[in-house]
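Engineer: Fold the following for me, if possible:
(chains A and B)
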Amino acid sequence: MPTKLLKWSWLAASAALLLAATAQAQITSYDERDRLNTDSHIGKYTGHATNAKEDYRRYCVGCHGELGDGNGEVAQWLDPKPRDFTLGIFKCRSTPTGTLPTDEDLFNTIARGLDRSNMPVWNTFTKQQRADLVAWVKHFSPRFQKEKPGTPIEIPAEPEVTPERVKAGQDVFARVQCWKCHGVEGMANGPSASTLTDDLSRPILPYNFTDGSRPKCGSTDQDIYRIFMTGLDGTPMPSFSDNIKPEEAWDLVFYLRTLQPHNTFNLKERQIAKQLGLKPVNPNAPAQ
Amino acid sequence: MTSPRRHFAGWLLCALFIAGALPQANALPAFARKYGLRCSACHEAWPMLNYFGQKFKDNGYQLMNDHDAPIWQNPAYWPVTFRMTPYWHRESTDKVAVDSVTGDATSAAREAQVTSHGFDLSGLDFHTGGTLDKNISFYLLPSSDPTGTFHFETVMARLDNLFGSSWLNVKLGKFELDNLVSEKRILTLTPISGVYQTYHFLPPGDANIYGQIGDNQLGIEYMGHSANDRTRVSAALLSTSDGNVNLASGTNTYTGFFAASQAFDTGKLGVQRLGFYAMVGEAPITFLTSGGVPVNGTGTGNKGFSREGFVGLFYLKKLDFLVVTQHGSDSAWFGQGFGNATNPFNGTPGGGNGGGLNCIPGTCVLPAAARAPSWNGFLLETHYVYSPQIVFIQRSEWQRVSQQAMTTNASSLGNTDMYTFGMRWYPIMTSRAGFAWHNEYSWLRTVGGSPVTGTDLTSSSLMSGFDFDF
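Structural biologist: Numbers count the residues shown, from 1 in each chain, chains lettered A, B, ... in the order given. Alright, predicted model coming up:
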């Protein structure tokens, strides 16, 4: 009875498919409902994802898209591209590379904006609105359901700037080959600069220390220090937490300040660089 | 000087003025295109700004993301936006003066209700604005009436963040005053509701057009704000010309405008804002004449006027409330129809915005019953923002004359009540263009405003149209 068998096989297969689809739909539905319950906790503020739905739709959806996948209607015109929240990968973190950011990291990113991108400074929101938006951003990625954020790195107290430290910072700059991307003068024109791509294979530029723009993840000395140690996930900027010691990271901060244009925050470093007659690193110098 | 016919003529001219000045609102897809943001990012419902849009404007049309200068734009980018509104409307006034015998000018006047309806056009707004370089921006708005006659509604350049401080910003040219509630971003469009009555009100007989803070003005303005725009201050020095060019008014007449506001973080409800404004100025009442006609720019004998009040923007989830109060006062001379003698509308003295009398030295005197007119206004506008694409609007405005220009006037003469209800639906919400289906009904009553009997005058307006910009 091959015909009858075939008929029953078809029926069984159809039923199995139907059952699987229903189960999948239920899982998706439960999953979605579960994710809509995502909260955030920033100091005394507790954010709820569902409270941010309207704000996200009003302010964010054009770039980040309804699904949070960075495919909003204008994404095609933007460079750099909007963040794909579904991946759960974020540049600006206080946590080690590869880990999820803390709620506070996302909270600060929303308020700070991301210079040299289309992400504005959203400090017009109340803190509660921002906390709600953090929860909404988290709800897009299953990572936040499965993983805990990393433990924020510790930043030791900032030492006094000295000529020795600035010089030592330059040595670190040469040793870990920052110049390969950022250029020997920090002008984002190193030999690798034009070849850089992000994790999604999209071209990306290194930071130019000399053009007066603000680093994306904050411009204080502590912010710069944090960037070395956490890296910018999703970009070619790695974490150097395994390569440089905390005091060396501070040295590097001081040296990088000498590359930035004259400003109130780097007067001392620039003065020291001038006194030392600091010249750009020589990439061809033998390794020490 | 204050006969019912003159009252009516004044109010009619006022209505025509208002109709001719349908709002030239500033909603710029050009900015949205530049930054890739949807209209809703900057507008509560375009053209009305939200807090983020206000901050963008206060920063000199910059997001402050180091990509604001035009050098970052694709060379094909052209910061231009057109806005126009085809619509159907019905206008009705219950007491219009007409001849008792049609065609017989000598017959006694009587009052008749006049209602007309049909399809129509707004004027065309041709916005262009943006940055010339980092922290240097401009705005140019040639605007037409429905017949296509253009004038410059806005022409200004501004310098922002001088010495790196958000507290030091300056603009020069013709611009909307830095008041919290901008008439140029009004959400209502009928001939009655297309302007804020509170910003234009004048008591019966008053001819001073220069205190209209809803109009764009010529001058220079200092603006300052905190980094997050919670605190805002501004001070402007303006020519007393109500934005009209060619120095038509006095020889040395200036007006000052001051505004300040503070926003408060109220958690889930959003950011609430409270502020005040004040305008203090002088305008001439005596002009040299040539062949009996007042000569532009020769005005002397300045008399004073002032407008001051509070503004508030309050948010309660999807509901928000916009509140404006105003106390206005004019010199008794303005109350008798003097001043504004070189206005293009001149010829109908003593009537609202219609132009004023020239005070000829030795011949003009104040009547014994003349007093400095003063009044109070209140505006409450409510928006229910169902979603960024549907907004319901209601506005009520009440104007009360607290001191009539003549002691012989009834105390309530000239008081007005205005109510409007509307709905705007934005079926598309992109960064490329804007489209709204606008529906609205407005109603206005003026106490003692009818032209023949001096009874209350009411008018209404109903409209439905497509408001679009691109």
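Engineer: Nearest residue to B:Ile136 in space, please, no chain neighbours.
Structural biologist: Once flanking residues are discounted, B:Ile136 sits nearest to B:Leu159: 5.9 Å by C-beta to C-beta, 6 or more residues apart in numbering or on different chains. C-beta here means a position set from N, CA and C on the backbone, and glycine is covered the same way.
Engineer: got a list of what the nearest residue to B:Glu44 once chain neighbours are set aside touches?
Structural biologist: Closest residue to B:Glu44 in three dimensions, ignoring its sequence neighbours and counting by C-beta to C-beta, 6+ apart: B:Asn50, at 4.4 Å. If a contact means C-beta atoms under 8 Å, 6 or more residues apart in numbering or on different chains, then B:Asn50 has B:42-44 as its contacts.
Engineer: Count the neighbours of the residue in chain B that chain A sits nearest to for me.
Structural biologist: In chain B, the residue that lies nearest chain A is B:Gly36 (3.7 Å; C-beta to the nearest C-beta). Neighbours of B:Gly36 under the rule other C-beta atoms under 10 Å in any protein chain shown: 20.
Engineer: Tell me which residues touch it, please.
Structural biologist: A:62-63, A:74, A:77-78, A:118, B:431.
Engineer: same check, this time on B:Val271
Structural biologist: A:124, A:126, B:51, B:230, B:263-265, B:315.
Engineer: most centrally placed residue in chain A?
Structural biologist: A:Lys91 (0.7 Å; C-alpha atoms, centre = their mean).
Engineer: what about the helices in the stretch 151-300 of chain B?
Structural biologist: Using DSSP state H, counting those that start in this stretch, the helices of the stretch 151-300 of chain B run over B:197-200.
Engineer: of all the residues in it, which ones are close to chain A?
Structural biologist: Within the stretch 151-300 of chain B, the positions near chain A by C-beta under 8 Å from any C-beta of the partner chain are B:227-229, B:265-268, B:270-271.
Engineer: switch to 6 Å and redo it
Structural biologist: Within the stretch 151-300 of chain B, the residues that sit near chain A (C-beta under 6 Å from any C-beta of the partner chain) are B:228, B:265, B:267-268, B:271.
Engineer: pLDDT at the residue nearest to the centre of chain A, what is it?
Structural biologist: pLDDT, A:Lys91: 96.
Engineer: try B:Gly20
Structural biologist: B:Gly20 is given a pLDDT of 43.
Engineer: One more: the one 5 residues further on?
Structural biologist: Note on B:Ala25: pLDDT of 46.
Engineer: about what we covered before: JSON lines for the contacts of B:Val271, including pLDDT?
Structural biologist: As requested, the contacts of B:Val271 are arranged in JSON lines below (pLDDT from 0 to 100):
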{"residue": "A:Thr124", "pLDDT": "92"}
{"residue": "A:Thr126", "pLDDT": "93"}
{"residue": "B:Tyr51", "pLDDT": "93"}
{"residue": "B:Arg230", "pLDDT": "96"}
{"residue": "B:Ala263", "pLDDT": "96"}
{"residue": "B:Phe264", "pLDDT": "94"}
{"residue": "B:Asp265", "pLDDT": "91"}
{"residue": "B:Tyr315", "pLDDT": "93"}
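Engineer: What's the PyMOL syntax to select whichever of the residues you listed are buried?
Structural biologist: Here is the PyMOL selection string for the buried members of the contacts of B:Val271, based on 16 or more other C-beta atoms under 10 Å in any protein chain shown:
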select buried, (chain A and resi 124+126) or (chain B and resi 51+230+263+315)
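Engineer: Farthest pair within the contacts of B:Val271?
Structural biologist: Farthest apart among those by C-beta to C-beta are B:Arg230 and B:Tyr315. That separation is 14.4 Å.
Engineer: Chain B contacts on chain A?
Structural biologist: Proximity of chain A to chain B (C-beta under 6 Å from any C-beta) is limited to residues A:58-59, A:62, A:73-74, A:77-78, A:115-116, A:118, A:120, A:123-124, A:126, A:128, A:213.
Engineer: among those residues, which ones are buried?
Structural biologist: A:58-59, A:62, A:73-74, A:78, A:115-116, A:118, A:120, A:123-124, A:126, A:128, A:213.
Engineer: Which two of these have the greatest separation?
Structural biologist: Spatial extent of those (C-beta to C-beta) is set by the pair A:Gln128 and A:Ser213 at 30.7 Å.
Engineer: Smallest distance to chain B belongs to which residue of the stretch 51-200 of chain A?
Structural biologist: For the stretch 51-200 of chain A, C-beta to the nearest C-beta, closest residue to chain B: A:Val74, 3.7 Å.
Engineer: er, the stretch 151-288 of chain A actually
Structural biologist: Counting by C-beta to the nearest C-beta, the stretch 151-288 of chain A gets nearest chain B through A:Ser213, at 4.6 Å.
Engineer: lowest confidence element among the helices and strands of chain B?
Structural biologist: helix B:4-20 (a mean of 45; mean pLDDT, DSSP states H and E).
Engineer: Which secondary structure elements does the helix or strand that that helix is followed by sit against?
Structural biologist: Toward the C-terminus, helix B:4-20 is succeeded by helix B:29-35 as the next helix or strand (DSSP states H and E). Packing partners of helix B:29-35 (3 or more C-beta pairs under 6 Å, 6 or more residues apart in numbering or on different chains; DSSP states H and E): strand B:80-84.
Engineer: what packs against the strand it packs on?
Structural biologist: Checking 3+ C-beta pairs under 6 Å, 6+ apart, strand B:80-84 ends up next to helix B:29-35, strand B:125-133.
Engineer: Among the ones you listed, single out whichever gets nearest to B:Glu381.
Structural biologist: Among the helices and strands packed on strand B:80-84, strand B:125-133 comes nearest to B:Glu381, with 21.6 Å by C-beta to C-beta.
Engineer: Could you pull up the mean pLDDT of the following helix or strand past that closest one?
Structural biologist: The C-terminal neighbour of strand B:125-133 among helices and strands, as given by DSSP H and E, is strand B:136-144. Regarding strand B:136-144, the rounded mean pLDDT is 96.
Engineer: buried residues in strand B:136-144?
Structural biologist: Applying 16+ other C-beta under 10 Å to strand B:136-144 flags B:137-144 as buried.
Engineer: Please apply the same query to stretch B:422-435.
Structural biologist: B:422-426, B:429-431, B:433-435.
Engineer: So which of those reach chain A?
Structural biologist: Among these, chain A is touched by B:430-431 when using C-beta under 6 Å from any C-beta.
Engineer: Just the buried residues of stretch B:422-435: which are in helices?
Structural biologist: Residues of the buried residues of stretch B:422-435 located in helices (DSSP state H): none.
Engineer: Just put the buried residues of stretch B:422-435 in a markdown table and tack on distance to A:Asp132 and pLDDT.
Structural biologist: What follows is these, written out as a markdown table (distance: C-beta to C-beta, whole Å; pLDDT from 0 to 100):
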| residue | distance to A:Asp132 | pLDDT |
| --- | --- | --- |
| B:Gly422 | 30 | 98 |
| B:Met423 | 28 | 98 |
| B:Arg424 | 26 | 97 |
| B:Trp425 | 27 | 97 |
| B:Tyr426 | 24 | 95 |
| B:Met429 | 21 | 84 |
| B:Thr430 | 25 | 83 |
| B:Ser431 | 24 | 83 |
| B:Ala433 | 30 | 88 |
| B:Gly434 | 27 | 90 |
| B:Phe435 | 30 | 95 |
